[in-house]
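Colleague: the sequence isn't on hand, but the structure is:
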């Protein structure tokens, strides 16, 4: 049955595939066909599908207790917070269910900090960047620097200003008496896999310090080892006041987190914010097992090594291909920028059993498991380069 005739709203443009089993970097569809997964459910299954450590911990938790709510203490929530704080620049964590909710929490925390702690309610504006992506709630889609996600949702909440990405001079001109924070991604994932320039990030941090602003880093897609560090901000030698996580934090279980510095703790006093399901027994069990595995198996380091290998192979094999404009990325978050829409190429790769996804209309995005084998990467690279070579020949 087509989705327009089904019981679902047709708000997703879905590929014509249905998967029934996953293991490691493999997925199988309802017809038994095997696929190599190079997209990980949009950078979510960083440990691959059904990783043993997470599966065992979840099974134990399913047999014990699922949910009590946040009016009671939840042991794994405390443990996960301690793991994240011990391995980052943050001092406290708040758990929710998604990246949008984590970013919503960061926006609320920034405003409440200036209103309730600093005593400057006039400072409520947050500067974000063109081509950013921060979520689909009303606040986070307004924070997003892409008009396409805002169509039909007016009136949008006030309090957001947009600057060109990687342009420190333009950013500085936008800072005013109402600015409370600057919010950015270290790599713009949905915006085309665009890494931030190190000099730009350094200047952003300096401007926040100079003007007394909070620096918020959206690590929804880049966090949990994907870029070659546990958190992408570590590549840039800065410490954000707030950063947000989701996607790879729970190996596919719905969980998000907003982490912040000690000075912000007072802004989120009891009753100021909450989430019924946030950080419950199942999601935090998955989170603890995921983070422990990432740390114990040194997966950020592995992602750095494999990412460098993939980019090098793609640059070599695609050199001179007239369809390819740029290979860019950080760790195992990689974009192949094309001079034409990527949709047809992606569909052809799916037909060959290689799962990739776009990042904007003209970019093929690769976000494989951090545990993927080099042999599987080589298979994926060969398929991608083969189709691009074929299409380039047809274009000529």
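Modeller: That came through, no problem. In this text, all values refer to a predicted model and were calculated from it rather than measured experimentally.

Colleague: so residue 108 sits against residue 274, correct?
Modeller: No - Residue 108 is beyond contact range of residue 274, at 10.9 Å (criterion: Cβ atoms under 8 Å). Just so you know, the C-beta spots here come from the backbone N, C-alpha and C atoms, and that holds for glycine as well.

Colleague: those two: who's more crowded?
Modeller: Comparing residue 108 with residue 274 by other Cβ atoms under 10 Å, the one with more neighbours is residue 108, at 17 against 14.

Colleague: ok but the more buried one is inside a strand, no?
Modeller: No - counting by DSSP: H, G, I helix; E, B strand; the rest coil, residue 108 is not part of a strand but helix.

Colleague: report the contact partners of it.
Modeller: Applying Cβ atoms under 8 Å, 6 or more residues apart in numbering to residue 108 gives the contacts 272-273.

Colleague: next one: it from residue 322, what distance?
Modeller: Applying Cβ to Cβ, to the nearest Å, the value for residue 108 to residue 322 is 48 Å.

Colleague: go on, residue 291?
Modeller: 43 Å.

Colleague: what count of nearby residues applies to the nearest residue to residue 182 once chain neighbours are set aside?
Modeller: Nearest residue to residue 182 in three dimensions, chain neighbours excluded: residue 127, at 4.8 Å (Cβ to Cβ, 6 or more residues apart in numbering). By other Cβ under 10 Å, 23 other residues sit near residue 127.

Colleague: and residue 127, what helix or strand is that in?
Modeller: Assigned by DSSP states H and E, residue 127 belongs to strand 125-129.

Colleague: helices and strands around that strand, which ones?
Modeller: Applying 3 or more Cβ pairs under 8 Å, 6 or more residues apart in numbering; DSSP states H and E, we find strand 125-129 packed against strand 160-163, strand 179-184.

Colleague: highest mean neighbour count out of the ones you listed?
Modeller: Ranked by mean neighbour count under mean count of other Cβ atoms under 10 Å, those are led by strand 179-184, which reaches a mean of 25.

Colleague: quick one: strands adjacent to the helix or strand following that strand?
Modeller: Tracing the chain past strand 179-184, the next element assigned as helix or strand by DSSP H and E is strand 187-188. Sheet pairing here is set by DSSP bridges, and for strand 187-188 it gives strand 194-195 (antiparallel).

Colleague: got the contact list for the next helix or strand after the partner strand?
Modeller: Counting by DSSP H and E, the element after strand 194-195 in chain order, helix or strand, is helix 198-211. Contact partners of helix 198-211, identified using Cβ under 8 Å, 6+ apart, comprise 166-168, 171-172, 175, 179, 181-182, 184, 186, 213-215, 235-238, 241.

Colleague: mind giving me the PyMOL select for these, buried ones only?
Modeller: Selection of buried members from the contacts of helix 198-211 for PyMOL, criterion 16 or more other Cβ atoms under 10 Å:
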select buried, resi 166+168+171+175+179+181+182+184+186+213+214+215+235+236+238+241
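
Colleague: just the ones of the contacts of helix 198-211 in helices?
Modeller: Using DSSP state H, 168, 171-172 are the members of the contacts of helix 198-211 that sit in helices.

Colleague: helix or strand: which one has the most centrally placed residue in the chain?
Modeller: Nearest to the geometric centre of the chain sits residue 221, at 1.3 Å (Cα atoms, centre = their mean). Residue 221 belongs to no helix or strand when elements are defined using DSSP H and E.

Colleague: now it. Nearest residue, chain neighbours left out?
Modeller: residue 189 (3.9 Å).

Colleague: quick one, which of the helices and strands packed on strand 125-129 is nearest to residue 310?
Modeller: strand 179-184 (24.9 Å; Cβ to Cβ).

Colleague: quick one, the closest one and strand 125-129 angle?
Modeller: 20 degrees (axes from the mean of the first three to the mean of the last three Cα atoms, to 10 degrees).

Colleague: what comes into contact with strand 179-184?
Modeller: Strand 179-184 is contacted by residues 103, 106-107, 110-111, 113-114, 123-129, 132, 134, 143, 161, 165, 171, 196, 201, 204, 207-208, 211, 213-218, 241-242 when judged by Cβ under 8 Å, 6+ apart.

Colleague: quick check, residue 217 in a helix?
Modeller: No - counting by three-state DSSP, residue 217 is not part of a helix but strand.

Colleague: that one touches residue 245, doesn't it?
Modeller: No - Residue 217 lies out of contact with residue 245 (Cβ under 8 Å); the separation is 10.2 Å.

Colleague: residue 69: neighbour count?
Modeller: Neighbours of residue 69 under the rule other Cβ under 10 Å: 12.

Colleague: tell me who's in contact with it.
Modeller: 276, 280.

Colleague: could you look up the SS state of it?
Modeller: Strictly by three-state DSSP, residue 69 counts as coil.

Colleague: one step back: who's the residue nearest to residue 182 bridged to?
Modeller: residue 161, residue 182.

Colleague: which residues are in contact with it?
Modeller: 160-163, 171, 174-175, 179, 181-183.

Colleague: ok so, going back, in terms of pLDDT, where does the residue nearest to the centre of the chain sit?
Modeller: At residue 221, the predicted lDDT confidence score is 98.
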